[in-house]
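Peer 1: Build me a structure from this.
(chains A and B)
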Amino acid sequence: MLELQGVSKQYPDGQVALDSIDLSLGEGEMAFLTGHSGAGKSTLLKLIALIERPSQGRIIVNGTDIGRLPRGHIPYYRQNIGLIFQNVQLLHDRSVFDNVALPLLIQGFSPRDLGNRVRAALDTVGLLGMESKAPVQLSGGEQQRVGIARALVVRPRLILADEPTGNLDPELSEDIMGLFGRFNELGVSLMIATHDIDLITRLNKRRIVLSRGLLEGSA
Amino acid sequence: MNTGQTLSFSGWLQAHAHVARDSLARLRVNGLSSLLTILMMGCALSLPTTLWVLTQNATLASHDWQRQFSLTLYLSQRINERQGQQLLAELKRDPLVERGEYLSPKATLAEFRDYSGFGRALDLLEDNPLPAVIVLWPKPGTDAAQLDAFLAKQHARTEIDLAQADSDWLERLSALLEFGTRLVQIMGLMLGLTVILVVANTIRLNIESRREEIVVMKLIGAPDGFIQRPFLYSGTLYGLLSGVIACLGVALTLNALTPHLDALAASYGRAMDLQGLALGDGLKLVGLAALMGWVGAWQSVWRNLRHIEPE
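Peer 2: Numbers count the residues shown, from 1 in each chain, chains lettered A, B, ... in the order given. Reported below is the predicted structural model:
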């Protein structure tokens, strides 16, 4: 599904965020990316999402070397990845429904045909009935779940999540991780960056540990 | 990887209708500032358009004035009346000539007597000193250069002593019309450019204020075409509405000018029938304005959108 070969990232200011990372994530695999803050978790996810380009090395997603993708192909590449952020990045002038519908509109679904898929996605995250609300009317946890619904509405086979539970209380965090577990059972590959060690320990999934840009362990 | 849904034509149409409605809604949200921008663009467009309508009217009127404008050919004394009539018949076949008239020496003398007031003095002359004359009225729309060439040709004939036209007047008129037309072109170009720049700047501000939204859209895989669509719609809408405002502006201006033009025409002993902007031309103006709005928006989108990237 995903393979990193000798990937390094050095920022223009000289800071080395990632140093020769070799890593792979199998089809249908779920892995937690951990490490203290500044270890390079976010950078790694950004490289996979093509928000940043690696200084060295190759990243292969589904057999495609994404380092060779021209600029114009990046949007179509991203359409196939579910991205979930710590700061949810919802559009606050639109309803919950419109936020979740956006990726479908982008992919060219006609506004009339996407209702069922949007409601199905909202149902999955337990927010059915909230369609017409504005994001500001929702709690932090609910907003995070809208972000997740937006990521999964296009039925991606790879989900990347950066600290998806960073702002949530333990109970909500557990709910959301449970949700991810269920996607994984449906065959979705997930890479989730988090520093919530308690949660990871209980879920018993693969852990990829980064430390100062180096791969410290993968088990 | 899933390749997304292939788009049917009706789906495509629905998606565009969705964006168009959205753009209109945004225009309403920014009500006052949008209105001011559109008014400003409309005023800028109405200026050259009004001037264009006035030149069109003047050109039409000038054709009318030329109808009363004639060429005079003074015939040689050797030419008798029959030859004079023959010459007239020949001249009338020239494509420049609309109609003509032969005046014998007797007739010219009678006319001269009427106009000059030398009645008594003329009676003292034994011979009639006046030549026979052919008066020609050129076809409307004949320009000064064609007329000069025609006159030179007549002047060269042995039967004609002198060929004259009040062509100074015609030259001045056509120079004035030429000037008016050029002025319309230059002002149209400048103010058209102004409209494009105003739209470009407005759209740039729109893009700036929706920066976060654009970043989110890029993150979830929106191609540039999708992101720029609402901005292009907004720009086109700005242009379209400013075109409508310009049409109104032209109508109001012409309405305000009519009494003054009537008075001006009356002082020359003429009636002026001012033609407003025709429906077809009005639609062309609106279409052109919409196109300029689109161009402005496109330019702005092209310059500003690619610099906004997720970090």
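
Peer 1: Tell me the secondary structure of residue 161, please.
Peer 2: Since no chain was named, I'll use chain A. strand (DSSP: H, G, I helix; E, B strand; the rest coil).

Peer 1: The chain in question should be chain B.
Peer 2: Under three-state DSSP, B:Asp161 comes out as strand.

Peer 1: Would you agree it is in contact with B:Pro131?
Peer 2: Yes. In this structure B:Asp161 lies within contact range of B:Pro131 using C-beta atoms under 8 Å: 6.5 Å. From N, CA and C alone the C-beta is placed, and that goes for glycine too.

Peer 1: Torsion angles phi and psi at B:Leu75?
Peer 2: phi -90, psi 160 (degrees, to the nearest 10).

Peer 1: should've said A:Glu3
Peer 2: According to degrees, to the nearest 10, A:Glu3 has phi -140, psi 130.

Peer 1: Next, count neighbours for it.
Peer 2: 17 (other C-beta atoms under 10 Å in any protein chain shown).

Peer 1: Name the spans of the stretch 101-250 of chain B whose pLDDT lies under the cut-off.
Peer 2: Confidence mapping of the stretch 101-250 of chain B against pLDDT under 70 gives the ranges B:144, B:166-170.

Peer 1: Count the neighbours of the residue in it positioned nearest to chain A for me.
Peer 2: In the stretch 101-250 of chain B, the residue that lies nearest chain A is B:Gly221 (3.5 Å; C-beta to the nearest C-beta). The local packing of B:Gly221 (other C-beta under 10 Å) involves 24 other residues.

Peer 1: tell me the centre residue of chain B?
Peer 2: B:Trp52 (3.7 Å; C-alpha atoms, centre = their mean).

Peer 1: wait, doesn't it sit right on B:Gly188?
Peer 2: Yes. Applying C-beta under 8 Å as the test, B:Trp52 and B:Gly188 come out as touching, 7.4 Å apart.

Peer 1: At the geometric centre of chain A, which residue do we find?
Peer 2: Among the residues of chain A, the one closest to the centroid is A:Leu160, at 2.3 Å (C-alpha atoms, centre = their mean).

Peer 1: Quick check: the gap between that one and chain B.
Peer 2: 11 Å (C-beta to the nearest C-beta, to the nearest Å).

Peer 1: quick one: contacts for that residue?
Peer 2: By C-beta atoms under 8 Å, 6 or more residues apart in numbering or on different chains, the residues touching A:Leu160 are A:45, A:48-49, A:81-84, A:190-192.

Peer 1: Strands of chain A, start to end?
Peer 2: A:2-10, A:16-25, A:30-34, A:56-61, A:64-65, A:81-84, A:158-162, A:189-193, A:206-211, A:214-218 (DSSP state E).

Peer 1: now the ones you listed in a markdown table, with mean pLDDT?
Peer 2: Listed next are these as a markdown table, based on pLDDT from 0 to 100:
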| stretch | mean pLDDT |
| --- | --- |
| strand A:2-10 | 90 |
| strand A:16-25 | 88 |
| strand A:30-34 | 91 |
| strand A:56-61 | 92 |
| strand A:64-65 | 89 |
| strand A:81-84 | 90 |
| strand A:158-162 | 92 |
| strand A:189-193 | 92 |
| strand A:206-211 | 87 |
| strand A:214-218 | 77 |
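
Peer 1: Next, give phi and psi for A:Asp196.
Peer 2: Per degrees, to the nearest 10, the backbone of A:Asp196 is at phi -80, psi 80.

Peer 1: Would you map the helices across the chain?
Peer 2: Going with chain A. A:41-48, A:74-78, A:96-106, A:115-124, A:140-152, A:170-185, A:197-203 (DSSP state H).

Peer 1: The intended chain is chain B.
Peer 2: B:9-29, B:31-67, B:81-92, B:105-116, B:119-123, B:144-155, B:167-209, B:211-219, B:224-267, B:279-304.

Peer 1: Just send those helices back as a markdown table, with distance to A:Asp65 too.
Peer 2: Formatted as a markdown table, those follow (distance: least, C-beta to C-beta, whole Å):
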| stretch | distance to A:Asp65 |
| --- | --- |
| helix B:9-29 | 32 |
| helix B:31-67 | 46 |
| helix B:81-92 | 86 |
| helix B:105-116 | 98 |
| helix B:119-123 | 108 |
| helix B:144-155 | 71 |
| helix B:167-209 | 33 |
| helix B:211-219 | 21 |
| helix B:224-267 | 23 |
| helix B:279-304 | 29 |
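
Peer 1: Leaving out chain neighbours, which residue sits closest to A:Leu203?
Peer 2: A:Met177 (6.0 Å; C-beta to C-beta, 6 or more residues apart in numbering or on different chains).

Peer 1: ok now stretch A:200-209, how far from the chain's centre?
Peer 2: 16 Å (C-alpha atoms, centre = their mean, to the nearest Å).

Peer 1: Repeat that for stretch B:110-125.
Peer 2: 48 Å.

Peer 1: how near is B:Ala163 to B:Ala145?
Peer 2: 15 Å (C-beta to C-beta, to the nearest Å).

Peer 1: who's more crowded, these two?
Peer 2: Applying other C-beta under 10 Å to B:Ala163 and B:Ala145 shows that B:Ala163 carries more neighbours, namely 19 against 11.

Peer 1: ok so, going back, quick check: which of the helices of chain B is nearest to A:Ala31?
Peer 2: Counting by C-beta to C-beta, A:Ala31 lies closest to helix B:211-219 out of the helices of chain B; the figure is 21.5 Å.

Peer 1: Can you name every helix or strand that the closest one contacts?
Peer 2: helix A:74-78, helix B:224-267 (3 or more C-beta pairs under 8 Å, 6 or more residues apart in numbering or on different chains; DSSP states H and E).
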